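> Model the following, please.
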Amino acid sequence: MEIIIISLAAFVTAILTFFSGFGLGTILTPVFMLFFPVDLAIALTGVVHFFNNLFKILLVGKHANKNVLFRFGIPAIIAAFAGAWLLLKIPDSAPLFTYQLFDKTLSVYPVKLIISLLLITFASMDLIPYFKNLHFSQQKLPLGGALSGFFGGLSGNQGALRSAFLIKAGLSKDAFLGTTVVVATFVDFTRLGVYATRFTQSGLVDNLLLVSLAVISAIAGAWIGNKLLKKITIHVIRLLVAIMLIIISVGLGLGLI
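Coordinates of the predicted model:
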């Protein structure tokens, strides 16, 4: 049953997240956590996320903007290492508070609450008409890269902050997607290298079939997303990004994700 649920989740999420440039790891990790311990769930999700991004590089990586990639990507990689290292130092951070929802106890953690508030801020800016023509200057790209990379290493939620900055960087639709994919792949590689010190090798080997099917499903979803890309305008992508930012951030803030 877990193979069907996880593969389907990877497929559908990969289609949706192809446009927004974020969300596969954020949505897929809780699905894995339904069936596996937290550390193994992070490991399995990271493998799927990494190989899915490698495939997406083949599809749209050539469109990446080299200048933005350099100014945004390098700070993201450095900060991802720092965030992942910090995560290993505070693996059992206590929640700010817990509450009951439908007979289930939910916990809200400091890092996720901070990310949630940041995402809601960015998403609200993209939905307010005044901010639609606002573009972050090239000087803000290193800051955006550092923030997205750090929180990516710390919590696995790198894409939303990355998209929030790059969607305002004046990139074309193809350049936006190409740049986000390349940055995401290098950040994944960096954080997985740090996480590897805690990954259970036997757990990865024992679930090789599950991971392989999830990777194939995610790649299939990315392929379909690339086909649909030609029918989607940058305006629709901006709107989709904002909506997904709000959904994910509310889930994070309430402890649902």
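> all strands of the stretch 51-200 of the chain, in order?
Applying DSSP state E, counting those that start in this stretch to the stretch 51-200 of the chain gives strands spanning 97-101, 104-108.
> now the angle between strand 104-108 and the first one, please.
Right, strand 97-101. Calculated by axes from the mean of the first three to the mean of the last three C-alpha atoms, to 10 degrees, strand 97-101 forms an angle of 150 degrees with strand 104-108.
> which other helices and strands contact strand 97-101?
Helices and strands touching strand 97-101, by 3 or more C-beta pairs under 8 Å, 6 or more residues apart in numbering; DSSP states H and E, are strand 104-108. (Glycine included, C-beta is placed from N, CA and C.)
> Give the buried residues for the strand it packs on.
Neighbour-count burial for strand 104-108, counted by 16 or more other C-beta atoms under 10 Å, picks out residue 108.
> Check stretch 208-216 too.
Under 16+ other C-beta under 10 Å, the buried positions of stretch 208-216 are 210, 211, 213, 214, 215, 216.
> Quick check: of these, which lies closest to residue 170?
residue 215 (33.4 Å; C-beta to C-beta).
> was I right about that closest one contacting residue 52?
Yes - assessed by C-beta atoms under 8 Å, residue 215 is found in contact with residue 52 at 6.7 Å.
> Touching both of those two, which residues are there?
residue 10 (C-beta atoms under 8 Å, 6 or more residues apart in numbering).
> From residue 35, how far out is the residue of the chain most remote from its centre?
The centre of the chain is farthest from one residue, residue 103, which by C-alpha atoms, centre = their mean lies 29.4 Å away. Per C-beta to C-beta, to the nearest Å, residue 103 is found 21 Å from residue 35.
> Repeat that for residue 5.
8 Å.
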